[in-house]
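S.K.: got a predicted structure plus its sequence, pasted below:
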Amino acid sequence: MPTIVSRGPHQFQARVRVRGQPPVSKTFTMRADAEKWARQIQAELERGTYLPRRTAEVTTIADLAKTFEEEFAPHHYRGSAWKFKLTRLREKLGSYSLASLTPRVVSSYRDRRLAEADSRYSNQVEAPRVSPATVKSELDLLSKLIGYAQKELGIALPNGNPVLGVRKPRSSNGRERRLSAIERVRLLEECERSRNPWLRPAVELALETAMRQGELLSLRWEHVDLRSGVAILPTTKNGDARAVPLTGAAIRALKGLPRSINGAVLPTQRMTLYKAFVGAAERAGCANLTFHDLRHEALSTLAELGDLNVLELAAVSGHRSLQVLKRYTHLQAGKLAQRIDAARRKFEAG
């Protein structure tokens, strides 16, 4: 039977002992709370479903984020995109203990983030709201954090991972922003005029290789083979290594770069490059253009050639699911129709 021991004014310690199980105790300020807790713990001990809560109660999201950042992330992530997401989680949820992080808390975080202005814009009054895709990626990282605590650190969570029970924002349809020939020329000209010397080569490489911004910034000279025309990305967004084919234009852009002492191909920070790109795009008159649109432009251009099948296109892009590439298949189909007509005319003429 549970016992309640008074340990002074407003101090009641509940003790639960069940044969074959280690004793469990906890102190409360109200006797009723101590009795309720003791009954619950005794029932769990007798059923064999009891999980120790102490570590989850004293470990905060900020504590967990620090351990994750120092011990796990360096071996599993490249680039810096995850750091910005982790910073947001630490700012908004850092004071919560793992035990107090409920689905209601997580869903409240989701709703607040969707209503916030995008911090990347200087004019916060007119800035767009944080995108559903961004919030979804933050929730995915939060779920990763919780899973890390459970699997790697052995922290028991009696109620499981609270993120799994929360509806995640549905991302909008993929962007279809394309660059016209004139926009492309103007953009590269403005990138050349930028005070950031790495902007133009970064844009050229993005348009030629379809690499993501984070992949470009993580690329190191030791992984670039200009002779064979291949760049190796040891770790990508999907967690897999990828060989990126380098076109002649990409090789020329790389040959024109000075070698940085730290070994990075593009030794600049993500936000520094992002702000320089936004400024260049505005000066070039490229409305509503993001750096990630360059990846879409590169893949669309490859699909329009009509010479690459979907599997080859996936090898370039690094997409695990071919379903993601379905918006490029209509471009290939158009080229294929032209080739069919040309073959038919040749057959009829011969």
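M.R.: Now that the structure is in, tell me what you want to look at. Numbering: from 1, shown residues only.
S.K.: excluding residues flanking it in the chain, which one is nearest residue 162?
M.R.: residue 103 (4.7 Å; Cβ to Cβ, 6 or more residues apart in numbering). Glycine gets a C-beta too; all of them are placed from N, C-alpha and C.
S.K.: got the domain ranges for this protein?
M.R.: 3-50, 58-165, 181-340 (automatic domain parsing).
S.K.: could I get these as CSV with mean pLDDT?
M.R.: Formatted as CSV, the domains of the chain follow (pLDDT from 0 to 100):
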stretch, mean pLDDT
domain 3-50, 79
domain 58-165, 87
domain 181-340, 85
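S.K.: who's in contact with the residue nearest to residue 162?
M.R.: 162, 163, 165, 166 (Cβ atoms under 8 Å, 6 or more residues apart in numbering).
S.K.: can you check residue 183 too?
M.R.: Neighbours of residue 183 in contact, by Cβ under 8 Å, 6+ apart: 284, 285, 286, 289.
S.K.: wait, a strand at the last one?
M.R.: In other words, residue 289. No. Assigned with DSSP: H, G, I helix; E, B strand; the rest coil, residue 289 falls outside any strand and is coil.
S.K.: contacting residues for it?
M.R.: Counted by Cβ under 8 Å, 6+ apart, residue 289 has contacts 177, 179, 183, 187, 281.
S.K.: helices along the stretch 201-350 of the chain, start to end?
M.R.: Along the stretch 201-350 of the chain, counting by DSSP state H, counting those that start in this stretch, helices occupy 213-218, 248-255, 270-283, 291-305, 310-317, 326-349.
S.K.: among these, which is nearest residue 62?
M.R.: helix 270-283 (22.5 Å; Cβ to Cβ).
S.K.: buried stuff in the closest one?
M.R.: Across helix 270-283, burial judged by 16 or more other Cβ atoms under 10 Å covers 270, 273, 276, 277, 278, 279, 280, 281.
S.K.: so how far is residue 34 from the residue lying closest to the third one once chain neighbours are set aside?
M.R.: Spelled out, that is residue 276. Excluding the flanking residues, the one nearest residue 276 by Cβ to Cβ, 6+ apart is residue 196, at 3.9 Å. Applying Cβ to Cβ, to the nearest Å, the value for residue 196 to residue 34 is 62 Å.
S.K.: neighbour count winner among these two?
M.R.: Using other Cβ atoms under 10 Å, the more surrounded residue of residue 196 and residue 34 is residue 34, with 24 against 16.
S.K.: that one contacts residue 12, correct?
M.R.: Yes. Using Cβ atoms under 8 Å, residue 34 is in contact with residue 12, at 4.2 Å.
S.K.: which residues do those two both contact?
M.R.: By Cβ under 8 Å, 6+ apart, the residues touching both residue 34 and residue 12 are 4, 27, 28.
S.K.: quick check on these: which are buried?
M.R.: Taking 16+ other Cβ under 10 Å as the criterion, what is buried in these is residue 28.
S.K.: redo the shared contacts of residue 34 and residue 12 as JSON lines? Include distance to residue 304 and secondary structure.
M.R.: Shown next, in JSON lines, are these (distance: Cβ to Cβ, whole Å; DSSP: H, G, I helix; E, B strand; the rest coil):
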{"residue": "4", "distance to residue 304": "76", "secondary structure": "strand"}
{"residue": "27", "distance to residue 304": "70", "secondary structure": "strand"}
{"residue": "28", "distance to residue 304": "69", "secondary structure": "strand"}
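S.K.: and the contacts of stretch 10-30?
M.R.: With contacts defined as Cβ under 8 Å, 6+ apart, stretch 10-30 is touched by 2-7, 31, 33-35, 37-38, 41-42, 45-46, 50, 52.
S.K.: okay, buried residues for it please.
M.R.: Quick answer for stretch 10-30 (16+ other Cβ under 10 Å): 12, 13, 14, 15, 16, 18, 24, 25, 26, 28.
S.K.: and of the residues you listed, the nearest to residue 253?
M.R.: Among the buried residues of stretch 10-30, and counting by Cβ to Cβ, the member closest to residue 253 is residue 26, at 63.1 Å.
S.K.: look up the closest residue to residue 57, ignoring the ones flanking it.
M.R.: Residue 57's closest residue in space is residue 99 (Cβ to Cβ, 6+ apart), at 4.5 Å.
S.K.: how about the one you found, secondary structure?
M.R.: Put simply, residue 99 is coil when judged by three-state DSSP.
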